[in-house]
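Peer 1: What shape does this take:
(one chain, ligands or ions: 2)
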Amino acid sequence: MKLKIAIQKSGRLYDDSISMLRECGIDLRNVKDRLKTESDNFPLEVFFLRDDDIPQYVEDAVADIGIVGENVLMEKDKSAEVVEQLGFGKCRLSLAVPRNMEFTDASSLQGKRIATSYPRLLGQYLQQKGIQAEIHEISGSVEIAPGIGLADAVADLVSSGGTLFMNGLKEVETIFASQAVLVRNRKLSEEKIQLLEKLLFRIRAVKKSKRNKYILLNAPNDKLHRILALLPGMKSPTILPLAESGWSSVHSVLSEDTFWDIIEQLKDAGAQGILVIPIEKMII
Ligand code: PRT
Ligand code: ZN
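Peer 2: Ligands and ions are numbered 1, 2, ... in the order given. As a prediction, the model looks like this:
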């Protein structure tokens, strides 16, 4: 018995999805231009599909689990259940208007035509704000719609903002912040749930390791108390004596968010020879 996972066949989520599975220690060969493949060392069968179809395949149990953008999942409104946010494929569904259009708040869109590939999410947003606007559903190149006179505004996915800028548009409101998520069919067998738990355990260890760094430093013993106070560690820092008397080597784990601030403070507190090492897996 194998757990069946649906991932994007090609596109923005493909590379990160494959890398994540590989970082989870799952061997995958023959992943290019295939309909499906299997792993030799984990009971996983991988289906390569268009992202738009993944929520339906998971709802119908053709695949047990899938990796898809939250934006697509919410738009398709299928019963697939989110089990984990994966931290890649980050983007936002935003409203954008021509740069010279005056925009104060969502009410500026009253009576306007808005082009989007996300009619459901846009419709919900407009309803919430009590705005009547005409939604024009188009499947691609939404950003050109105002330029060719098809719409007054757009609701489109944005990451860097470069596409909007190049099309003379300005981003004015975020409707939905999105990232890739792992979804599951709601009625998995007990055996499949166990396989999913095993996979999730690995995914969480990989995610955690990416957010943390292993740090080693040397400290004069008389400054140890100040230095240790700056370090969280997993339980507490490891302290080993150096060959040179009066000095210790301190090992700990730092989160990426606070990393640079703490490094500065460690130097000020007398730490020397600071080494920072990536962590491959982190299991707590
Ligand atoms: O063939 P298939 O249907 O599978 O792929 P697709 O062409 O529909 O999707 P794809 O590969 O473009 O995107 C897959 C998923 O990646 C999306 O559903 C999002 O969850 C996520 N994602 C992250 C993005 C972006 N960032 C993104 N920037 N999807 C699309 N874009 C597009 C956006 O539509 C716009 O055209 O990139 C452009 C904007 O980018 P910036 O950087 O210029 O702002
Ligand atoms: Zn698509």
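Peer 1: What separates the first and last residues of stretch 30-49, distance-wise?
Peer 2: From its first residue to its last, stretch 30-49 covers 15 Å (CA to CA, to the nearest Å).
Peer 1: pLDDT weak spots in the stretch 151-284 of the chain?
Peer 2: 233-234 (pLDDT under 70).
Peer 1: Not counting sequence-adjacent ones, nearest residue to the spatially most central residue of the chain?
Peer 2: Centroid check for the chain by CA atoms, centre = their mean gives residue 87 as the closest residue, at 2.2 Å. The shortest distance from residue 87 to any non-neighbouring residue, by CB to CB, 6 or more residues apart in numbering, is to residue 207 (5.9 Å). All C-beta spots, glycine's among them, are computed from the backbone N, C-alpha and C.
Peer 1: Now do that neighbour against residue 15, distance only.
Peer 2: According to CB to CB, to the nearest Å, residue 207 and residue 15 sit 17 Å apart.
Peer 1: And residue 255, by the same measure?
Peer 2: Residue 255 is 25 Å from residue 15, by CB to CB.
Peer 1: and what of residue 120?
Peer 2: On the measure of CB to CB, residue 120 and residue 15 end up 28 Å apart.
Peer 1: Can you show me the helices along the stretch 151-284 of the chain?
Peer 2: All helices of the stretch 151-284 of the chain, identified by DSSP state H, counting those that start in this stretch, fall at 162-166, 190-211, 224-230, 259-268.
Peer 1: mind checking which of those helices is nearest residue 250?
Peer 2: helix 224-230 (6.4 Å; CB to CB).
Peer 1: which strands and helices sit next to that closest one?
Peer 2: If you count contacts as 3 or more CB pairs under 8 Å, 6 or more residues apart in numbering; DSSP states H and E, helix 224-230 packs onto strand 247-255, helix 259-268.
Peer 1: for these, which one ends up most surrounded?
Peer 2: Most buried of the helices and strands packed on helix 224-230 by mean neighbour count (mean count of other CB atoms under 10 Å) is strand 247-255; its value is a mean of 18.
Peer 1: residues in contact with residue 275?
Peer 2: Residue 275 sits next to 215-217 when contact means CB atoms under 8 Å, 6 or more residues apart in numbering.
Peer 1: same question, residue 161
Peer 2: So residue 161 contacts residue 171 (CB under 8 Å, 6+ apart).
Peer 1: Leaving out sequence neighbours, find the closest residue to whichever residue of the stretch 151-284 of the chain sits closest to ligand 2.
Peer 2: Distances between the stretch 151-284 of the chain and ligand 2 by CB to the ion are smallest at residue 157, namely 10.6 Å. Distances taken as CB to CB, 6+ apart put residue 91 closest to residue 157, at 4.8 Å, once the chain neighbours are dropped.
Peer 1: And for residue 231?
Peer 2: Leaving aside its sequence neighbours, residue 231 sits nearest to residue 252 (CB to CB, 6+ apart; 4.3 Å).
Peer 1: so how far is residue 225 from that neighbour?
Peer 2: For residue 252 relative to residue 225 (CB to CB), the value is 15 Å.
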